[in-house]
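K.L.:
I would like to see how this sequence folds:
(chains A and B)
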Amino acid sequence: MAKKPKVKLKKLEDWQKVDARPYLEIQNVSKYFDGAAVINQVSLEIYQGEFFSLLGPSGCGKTTLLRMLAGLETPDEGKILIDGMDMTMVPAYERPVNMMFQSYALFPHMTVEQNVAFGLVQDKIPKSLIKERVQEALEQVQMEKYATRRPHQLSGGQRQRAALARCIIKKPKLVLLDEPLAALDRKLRENTQFELVNIQEQMGLTFLMVTHDQEEAMTMSTRLGIMEEGKVRQVGTPHEIYEFPNSVYVADFIGSMNIFQGVVIEESREHTVIQSDVLPTEIFVNHAADVPCGAHVSVALRPEKISISKKRPQRKYNVAAGTVQDIAYLGDVSIYLIELEDSDKIVEAMLPNLMRISTQEITWEDRVYITWEPDNTIILTG
Amino acid sequence: MMDNYFYKNRWIKKTLIGIPYFWLFVFILIPFIIILKISISESVLGTPPYKSLYQFLDHQVIQFNIHLENYQFLLSDVMYRYSLWQSIKIACISTFCCLLLAYPMAYYITRQEEYRQTRLLLLILVPFWTSFLLRVYAWIGILSPTGFLNGLLLKVGLISEPLVLLYTPGATIVGMVYCYLPFMILPLYASLNKFDPALLEAAADLGSKPSRAFWQITLPLSKPGIVGGCILVFIPSVGEFVIPELLGGNKTLMLGKVIWIEFFTNRDWPVASALAILMTLFLVVPVALLQRKQGT
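P.N.:
Residues are numbered from 1 along each chain as shown, chains lettered A, B, ... in the order given. A predicted model of the protein is given here:
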């Protein structure tokens, strides 16, 4: 549900323009707890109208970073600029930023209406205007019917909507979402993903979401940042992150990945050949690796980019033989775990289930060949 | 299995619930009925100092002697109204002072780490390990003209002659606040402890300054604790006898003292009983109304 890539329509997104000014700038921000860096020299630029996600395992510091943007924590080093203004030391109640908390943090003694109005009441806006805008916000999240209910009278999904309405009503410069969908069940989560993106686009707001769910981050974001141990490892569009990871960590974190260790044995401007101990043939990649011959590299290969056959493909490169160890039927696709001959390396391959009645002749304990196109491998040096 | 057995066995369930009810019936309801009976009897000189409610005249004729004069007398006499007024005034001030002192204390305790919370709560309960009477006596030592406080003030030079602190309504209030403070802290602590700190963060995030967020979020959410604590302090304060007797002197006439005088000095049991009944009604009715309002 990320916005349709506009690159193909010849219109550049903000972050692709050379002269675009970032809306949110995080400059070398660090935060220490008991001497250990929770956030380590993070710099990040987010542009107006973006839906940016910070993705990482729990404990990677993504929530701490989000709380620093909200003003609930102060960075020990570095600066935070929003719309060109230094916000590093501005208290939470004076920042043009609103956050949706993971627990929603709805005020239990107030109705949905009062909760949503809370932000406007603080700004001493005339009552009639508040009423109008609350109504508008509730309509936006389809909660008009529940305006007079208390939080404990709402379902999880309704509470989530009320919290969303409360955090967008002030039309903040930056909306922070802390695991906004984590408490919802799968079906509701998928629908809500669409709605969140729609609201963000309609209102032209800038969203920054923290999540540990890569599927969620991939489907909703215009760009995402992958975090590990207080550092941002890679920033890019979902497509860039998935197809062009810059490190073994990112490659492994997003989706499944087969990773082979190897040594570059041939290297030119058009291609690279890598020798791996676990594969009988060399790996042929048709792009340059920017490393000299003899360098140790990792080669990453997505499961869906591998094809399986019982007959040996007529190829010199990118072929290996193995035995089917396990097959996982997931409905839309099946995942094959293949143990390579001459090594105990297990390769994961994914095939779509195109027919209702299985016509796959490949089954457990079969001897098969795997192969892949030279385009589809990624050489990782990091 | 155990749970199931317990809930299915109605006999066990009834016994477990029945014992406390039986206890309440025997030790609260029966004495209350006796007091109620005495309060509508006629006062006489003798033992007991009241007339039986009924007596057998000739053949199968029973005469009932129900006197409502006691109540009428109480309502018409200025002294009783004055003592009622003073009781309420002192109890109200004491309750309010307790609330003001206890709220920051309870709030502070809930913001500590768990092991410290237990220690601080224990410290609050430490005074209960000595006798209530001794603790009140200690205040005489502090407040008397030759006591600790006056001595200190004289030494520092803030005053030139001792202040009259003891045997005043003020001394009574100090004693009450001191004795009943834990009863305010504990319910406040219980309700503040359930409070999710993320709510204050959300309030700040939406533009509410910490000082405003307290009135908008913290205070309304701790209302059950405030109500509970006030009831626990106010009710025993109104009928308190020992503290005004020891610290209040003659100027502090509270209901507990008046009831005592009627029972033991005047030996007018019916009037004393009527006074006790009125005080109970006076306390139970508003509390019951308050609870009903909170329930809805």
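K.L.:
how's the chain carved up into domains?
P.N.:
You didn't pick a chain, so chain A it is. A:6-96+A:172-249, A:256-380 (automatic domain parsing).
K.L.:
switch to chain B, that's the one I care about
P.N.:
Split by automatic domain parsing, chain B gives B:1-75, B:77-265.
K.L.:
so which of the ones you listed comes closest to chain A?
P.N.:
domain B:77-265 (3.6 Å; Cβ to the nearest Cβ). For every residue, glycine as well, the C-beta is placed using N, CA and C.
K.L.:
reformat the domains of chain B as a markdown table; add mean neighbour count.
P.N.:
A markdown table is the format used below for the domains of chain B (neighbours: other Cβ atoms under 10 Å in any protein chain shown):
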| stretch | mean neighbour count |
| --- | --- |
| domain B:1-75 | 12 |
| domain B:77-265 | 17 |
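K.L.:
check the stretch 251-382 of chain A for the residue nearest chain B and tell me.
P.N.:
For the stretch 251-382 of chain A, the residue closest to chain B is residue A:253, as judged by Cβ to the nearest Cβ, at 28.1 Å.
K.L.:
ok, how many other residues are close to that residue?
P.N.:
21 (other Cβ atoms under 10 Å in any protein chain shown).
K.L.:
how much space between residue A:62 and chain B?
P.N.:
Separation of residue A:62 from chain B (Cβ to the nearest Cβ, to the nearest Å): 17 Å.
K.L.:
can you pull the contacts of the spatially most central residue of chain A?
P.N.:
Nearest to the mean C-alpha position of chain A, by Cα atoms, centre = their mean, lies residue A:217 at 3.3 Å. Residue A:217 makes contacts with A:53, A:55, A:209, A:211, A:224, A:238, as judged by Cβ atoms under 8 Å, 6 or more residues apart in numbering or on different chains.
K.L.:
circling back: format the domains of chain A as a markdown table; extra columns: mean pLDDT.
P.N.:
As requested, those are exported to a markdown table (pLDDT from 0 to 100):
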| stretch | mean pLDDT |
| --- | --- |
| domain A:6-96+A:172-249 | 89 |
| domain A:256-380 | 88 |
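K.L.:
okay if I get these as JSON lines plus distance to residue B:18?
P.N.:
Output for the domains of chain A, formatted as JSON lines (distance: least, Cβ to Cβ, whole Å):
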{"stretch": "domain A:6-96+A:172-249", "distance to residue B:18": "43"}
{"stretch": "domain A:256-380", "distance to residue B:18": "59"}
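K.L.:
helix or strand next in line after the helix or strand residue A:79 falls within, which one?
P.N.:
Using DSSP states H and E, residue A:79 sits in strand A:77-82. Next helix or strand after strand A:77-82 toward the C-terminus (DSSP H and E): strand A:85-86.
K.L.:
show me which of the contacts of residue A:217 are buried.
P.N.:
A:53, A:55, A:209, A:211, A:224, A:238 (16 or more other Cβ atoms under 10 Å in any protein chain shown).
K.L.:
mark which of those residues are part of helices, please.
P.N.:
Those of the buried ones among the contacts of residue A:217 mapping onto helices are residue A:238, per DSSP state H.
K.L.:
which among the buried ones among the contacts of residue A:217 gets closest to residue B:211?
P.N.:
residue A:209 (31.6 Å; Cβ to Cβ).
K.L.:
any idea how far the closest one lies from residue A:216?
P.N.:
8 Å (Cβ to Cβ, to the nearest Å).
K.L.:
who touches both of the two?
P.N.:
residue A:53.
K.L.:
okay, and the beta partners of the closest residue to residue A:177 other than its chain neighbours?
P.N.:
What sits nearest to residue A:177 in space, not counting adjacent residues and going by Cβ to Cβ, 6 or more residues apart in numbering or on different chains, is residue A:209, at 4.2 Å. Under DSSP bridges, the beta-bridge partners of residue A:209 are residue A:53, residue A:177.
K.L.:
show me how far the lengthiest helix in chain B is from its chain's centre.
P.N.:
Longest among the helix segments of chain B by residue count, using DSSP H, is helix B:78-110. Between the centre of helix B:78-110 and the centre of its chain there are 9 Å (Cα atoms, centre = their mean, to the nearest Å).
K.L.:
and for stretch A:38-58?
P.N.:
Worked out by Cα atoms, centre = their mean, stretch A:38-58 lies 10 Å from the chain centre.
K.L.:
first-to-last residue distance for that stretch?
P.N.:
12 Å (Cα to Cα, to the nearest Å).
K.L.:
so for it, what gets flagged as buried?
P.N.:
A:38-40, A:42, A:44-56.
K.L.:
residues from chain A in reach of chain B?
P.N.:
A:70-72, A:91-94, A:97-99, A:101, A:103, A:105-109, A:118-119, A:122-123, A:166-167, A:170 (Cβ under 8 Å from any Cβ of the partner chain).
K.L.:
go ahead and confirm residue A:43 touches residue A:30.
P.N.:
No. Counting by Cβ atoms under 8 Å, residue A:43 stays clear of residue A:30, with 10.5 Å between them.
K.L.:
which residues do the two both contact?
P.N.:
In contact with both residue A:43 and residue A:30: residue A:78, using Cβ under 8 Å, 6+ apart.
K.L.:
follow-up on the earlier one: list the contacts of the residue nearest to residue A:177.
P.N.:
Applying Cβ under 8 Å, 6+ apart, we find residue A:209 in contact with A:51, A:52, A:53, A:54, A:176, A:177, A:180, A:217, A:220, A:221.
K.L.:
no further questions, thank you.
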